[in-house]
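Q: Test case, fold it:
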Amino acid sequence: MIMPTVTSLLLIIAIVCFLDLTPQQIAEDLLRMTTPKVTMREKARNMRAGKKKKSLGSRLAYTQSALAAMGKESKFAFVCCISLVLFASGAVVAIIIDNVFLVPVLSVAFAMIPFIYVRNNLSHYDKHIKDELETTLSVITTSYIRNEDIILAVKENLAYIKPPLRDCFNAFIGDSFAVSSNVKQALRNLKEKVDDEIFREWCDALIRCQDDRALVDTLHPIVAKLTDVRVVNSELSTMMAAVRTEYYTMVGLVVGNIPLLYVLNKDWFHTLIYETPGKIVLGICGAVILVTYMFLLKFTKPIEYKA
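A: Residues are numbered from 1 along each chain as shown. Just a heads-up that it's a prediction; the model follows:
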């Protein structure tokens, strides 16, 4: 089984080299193929309805933009290439074990592995950003209420702000002096640098405070929302840990029954592995595990604040 798999992988690599394909070209082609063309009318209709189209292309584009925010945009092409290789490997494995019903299941499951790895990294990165954002906005808000000067408030706390947020606030200081003396415009530029609804709300409140200092009392309640979201996500994570454990236990029992069946009844095992009805059952079980795992990822992700 190992030799045919290695041979197939080497064949795929040879084809890629022969066609002179680069990881960037493969990633761009993949994005182009998975992103449907949307007319201006459909875009306007979706915006009015508040709909976000969750196609495969949009998810790939989100992964690319998220990696870019982490400073790892070049890794996107590599992830796409590995995913395509694993997609082909899954099909090869299913063919080698002589079960065509597992071809789509194993292909999709193998192709998901790099993106699940990236998703976990993005989740840790996002949690780090949220934690730093809570601390940063809190200290800057306290300083701003004391001195009523947002530029001075940022400068006072810049040494305590950790990357990557420090780069955002450094850029804000630069915009305030080097580009223009328009603090409102600098705040609008800052607002676009962090993809967080509460941060954008905080920036909007600061912009309003430039015209009416009495509105500074609205800043602390906005920052407190970050604490509320963190507490809720912490409780949710504890609850979901039990759900994940139960799910993985059930999947382990289903998969573990296959070798157990070999010990208990070799005729049933032979029917399951080598006969068409058994292969169909394995294909259905594999599809159910794959689909339920996707739902697990969807429903156990951290919540986000929505205005």
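
Q: the helices in the stretch 51-200 of the chain, which residues?
A: Using DSSP state H, counting those that start in this stretch, the helices of the stretch 51-200 of the chain run over 56-69, 75-96, 103-147, 150-157, 165-174, 183-191, 197-209.

Q: I'd like those helices laid out as a markdown table, including mean neighbour count.
A: In this view, the C-beta of every residue, glycine as well, is placed from N, C-alpha and C. Putting those into a markdown table (neighbours: other Cβ atoms under 10 Å) gives the following:
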| stretch | mean neighbour count |
| --- | --- |
| helix 56-69 | 16 |
| helix 75-96 | 19 |
| helix 103-147 | 17 |
| helix 150-157 | 18 |
| helix 165-174 | 16 |
| helix 183-191 | 18 |
| helix 197-209 | 19 |
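
Q: Give me the helix or strand of the chain that scores worst on average pLDDT.
A: Within the chain, no helix or strand scores below helix 40-49, which has a mean of 48 by mean pLDDT, DSSP states H and E.

Q: Any idea which of the helices of the stretch 51-200 of the chain gets closest to Thr245?
A: Across the helices of the stretch 51-200 of the chain, Thr245 has its closest neighbour in helix 103-147 (16.9 Å, Cβ to Cβ).

Q: How is this protein divided into domains?
A: 1-96, 129-307 (automatic domain parsing).

Q: Could you tell me the least trusted of the ones you listed?
A: When these are compared on mean pLDDT, domain 1-96 scores lowest, with a mean of 64.

Q: show me the contacts for Ala287.
A: Pro104, Val105 (Cβ atoms under 8 Å, 6 or more residues apart in numbering).

Q: List the buried residues for the helix or strand encompassing it?
A: Take DSSP states H and E as the rule and Ala287 turns out to sit in helix 276-299. Of all the residues in helix 276-299, those buried under the rule 16 or more other Cβ atoms under 10 Å are Gly278, Lys279, Leu282, Gly283, Cys285, Gly286, Ala287, Ile289, Tyr293, Leu296.

Q: which among these gets closest to Ile95?
A: Looking across the buried residues of helix 276-299 and measuring by Cβ to Cβ, the closest to Ile95 is Lys279, at 12.2 Å.
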